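[1] sequence first, predicted coordinates after that:
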Amino acid sequence: MKLVTFTHNKQTRVGAVIDDSVVDSQGCADIPASMIEFLGAGSTALQAMQGLIESGSARIALNEVKLNAPVPRPGKYLGISLNYAGHISETGRDQPAYPSFFTKQSTCVIGCGDAIHRPRVSDKLDYEGELAFVIGKRCRHVPVDKAHQVIAGFTIANDVSVRDWQMRSPTMMIGKSFDTCGPLGPWIVTSDELGDPHNLNIKTWIDDELRQNANTRQMIFNCYDMIAYLSQAMTLEPGDVITTGTPGGVGVKMQPRGYMKPGQTARIEIEGIGALANPVIEEPENQALY
């Protein structure tokens, strides 16, 4: 099942993508309008969505809707750093003994097709193509061998980073959290459909130039390790988003630097999920709200 948050006729709700159409949940009492509520409803909502899919009705053409980020405002958005050997090598850092996480503020999240803003305060705007997973059950102290049971599904993330601001703080948070620096999408592929998340090809293009080309089997800490580690410290909740690190090939390590520029498009493809593409523009002047 490919779960989406979409807008049609100025109304936003949850649906599922089948071929070139969206299964519309409008009017179904067992399907909440928001993805976080949908995931929190568990099997009741999933079974209702499956029923709509099997009915063959309630379809809207995919090109008639706006796909939003599948989880537009996650309660927690956590990213892991230095989780691919290739990326560790290009940074000159040592392989970490433990998973190292940072927070992206949820206001950074945008959907597939939305514009990434190059901020007026920096031109060091970088991409990081990543597999992300979405928590489906409230959980704490999850053992590694049970961790797959709390994942609702998987999506694609571009952990856009403003590099100079990232380096101003050891937490990296502010440089990871600029508005529009959190593209997610285009949908959540449920775990039963995707299968093993640890053997997926992942590629990142800037326009027609392939910048990153790796496989998720190269992760040092896999998805289940991350859940087991994080859940020792905090309660994970439906709709929380966790990104799994980026392979080598980021712009900051290219010579000359390969930062994203207005007019370019960042496109990330992950096998079994699809593609997340976002154009880059200058930060609009109307963003000042003071």
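    Cool, got the structure.
[2] and the gap between K146 and I227?
    9 Å (C-beta to C-beta, to the nearest Å). Every C-beta, even on glycine, is put in place using the N, C-alpha and C of the backbone.
[3] what does R59 give?
    According to C-beta to C-beta, R59 stands 35 Å off from I227.
[4] more neighbours, the two?
    I227 (24 against 17; other C-beta atoms under 10 Å).
[5] in terms of helices and strands, where is the more buried one?
    I227 is part of helix 223-230 when elements are defined by DSSP states H and E.
[6] repeat that for L46.
    Going by DSSP H and E, L46 is part of helix 43-55.
[7] residue ranges for the helices of the stretch 1-150 of the chain, please.
    Applying DSSP state H, counting those that start in this stretch to the stretch 1-150 of the chain gives helices spanning 35-40, 43-55, 85-91.
[8] what of the stretch 151-290 of the chain?
    When assigned using DSSP H, counting those that start in this stretch, the helices of the stretch 151-290 of the chain occupy the ranges 163-166, 173-176, 191-194, 223-230.
[9] may I see the buried residues of stretch 107-121?
    C108, V109, I110, G111, C112, G113, D114, A115, I116, H117, R118, P119 (16 or more other C-beta atoms under 10 Å).
[10] just these now: which is nearest S191?
    Of all those, C112 has the smallest distance to S191: 20.6 Å, by C-beta to C-beta.
[11] tell me the pLDDT of the closest one.
    pLDDT recorded at C112 is 98.
[12] next, the contact list for it, please.
    C112 makes contact with L67, A69, P183, G185, P186, A275, L276, A277, N278, according to C-beta atoms under 8 Å, 6 or more residues apart in numbering.
[13] how does the protein divide into domains?
    2-67, 77-283 (automatic domain parsing).
[14] can you tell me which of these is most buried?
    domain 77-283 (a mean of 19; mean count of other C-beta atoms under 10 Å).
[15] that one: end-to-end distance?
    Length of domain 77-283, first residue to last, C-alpha to C-alpha, to the nearest Å: 23 Å.
[16] how far out from the middle of the chain is it?
    Once both centres are worked out by C-alpha atoms, centre = their mean, to the nearest Å, domain 77-283 turns out to sit 6 Å from its chain's centre.
[17] got the contact list for stretch 135-153?
    1, 3, 39-40, 42, 133-134, 188-191, 193-194, 223-225, 227-228, 231-232, 234-242.
[18] same question for stretch 164-181.
    Stretch 164-181 is contacted by residues 79, 81, 102-105, 107-108, 110, 114-117, 119, 121-122, 124, 159-163, 287 when judged by C-beta under 8 Å, 6+ apart.
[19] got the end-to-end distance for it?
    14 Å.
[20] low-confidence stretches in this structure?
    Applying pLDDT under 70 to the chain flags residues 288-290.
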